[in-house]
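>>> let's see this in three dimensions:
(chains A and B)
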Protein chains: 2
Amino acid sequence: MTTADIAKQFTAALKAGKFEEAERFWSDDVVSIEAMDGPMKEARGRAAVHAKGEWWTANHEVHKFETSEPFVNGDQFALRFSIDVTPKESGKRTHMDEVGLYTVRGDKIVEERFFY
Amino acid sequence: MTTADIAKQFTAALKAGKFEEAERFWSDDVVSIEAMDGPMKEARGRAAVHAKGEWWTANHEVHKFETSEPFVNGDQFALRFSIDVTPKESGKRTHMDEVGLYTVRGDKIVEERFFY
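Have a look, this model is predicted:
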């Protein structure tokens, strides 16, 4: 598969809210990197990245989560996210714009890196 | 300077159309990488990247060029571009959405990579 094929299928799963299907595109040693320092800065391996997603979902009330079509270059693709969310801890509804950068190797996503 | 500082100043120069000022943030051996194969795929060094920009400007009629605020992670930042343009060769007005990913080292931009 090309990077564009993987990007398209992964993005379609995200848009449909089918996270299990999206995770099938992860490499077992996928790494997830946030921009901010802290315990969530870097998650390594399928179990840790899955747990990070579970934590996020459990701790945020999501009002809207929009994902763009993928933007591709070589073995990487980018997605733009527009998120309307209330973190349960603060209770303060906020809008977040992000860019996610995904790196593909051997038909699997080996890294996701978030910019904001 | 932090990556965020450089990103902010570089972006402000782009938004103002001050390309000479933006180029001051380039490293002398800056590399510019397009997603498509062809003669513009990779330009290496300040002179080549500048020439690529000149070529683009000379060959496109730009109706609108919108640049987002920067999205930062570590030594990289991303920009989202929304471009309304007529390539002079085709004469066909088109809309392009892109993501630009910039890598900073030693307070200079050493790489720009475009996703579409």
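
>>> near chain B at all, the one helix or strand A:Lys8 maps to?
Per DSSP states H and E, A:Lys8 falls inside helix A:3-15. No - figure legend: helix A:3-15 not in contact with chain B (CB under 8 Å from any CB of the partner chain); closest approach 9.6 Å. C-betas here are computed from N, CA, C, even on glycine.

>>> that helix - contacts with which helices or strands?
helix A:19-23, strand A:60-67, strand A:71-73, strand A:76-87, strand A:94-105 (3 or more CB pairs under 8 Å, 6 or more residues apart in numbering or on different chains; DSSP states H and E).

>>> who in chain A is up against chain B?
Residues of chain A lying close to chain B by CB under 8 Å from any CB are A:33-35, A:68, A:71-74, A:76-78, A:80, A:97-99, A:101, A:113-116.

>>> filter the residues you listed to the buried ones?
A:33-35, A:68, A:71-73, A:76-78, A:80, A:98-99, A:101, A:113-116 (16 or more other CB atoms under 10 Å in any protein chain shown).

>>> do you know the pLDDT at A:Pro70?
For A:Pro70, the model assigns a pLDDT of 98.

>>> number of nearby residues for it?
Applying other CB atoms under 10 Å in any protein chain shown, we find 25 residues neighbouring A:Pro70.

>>> contacting residues for it?
A:Pro70 is in contact with A:4, A:7-8, A:10-11, A:77-79, counting by CB atoms under 8 Å, 6 or more residues apart in numbering or on different chains.

>>> for the residue nearest to A:Phe25 when sequence neighbours are not counted, list the residues it contacts.
Leaving aside its chain neighbours, A:Phe25 sits nearest to A:Phe10 (4.7 Å; criterion: CB to CB, 6 or more residues apart in numbering or on different chains). Counting by CB under 8 Å, 6+ apart, A:Phe10 makes contact with A:22, A:25, A:70, A:102, A:109.

>>> does A:Val30 touch A:Arg113 like I think?
No - applying CB atoms under 8 Å as the test, A:Val30 and A:Arg113 come out as separate, 11.3 Å apart.
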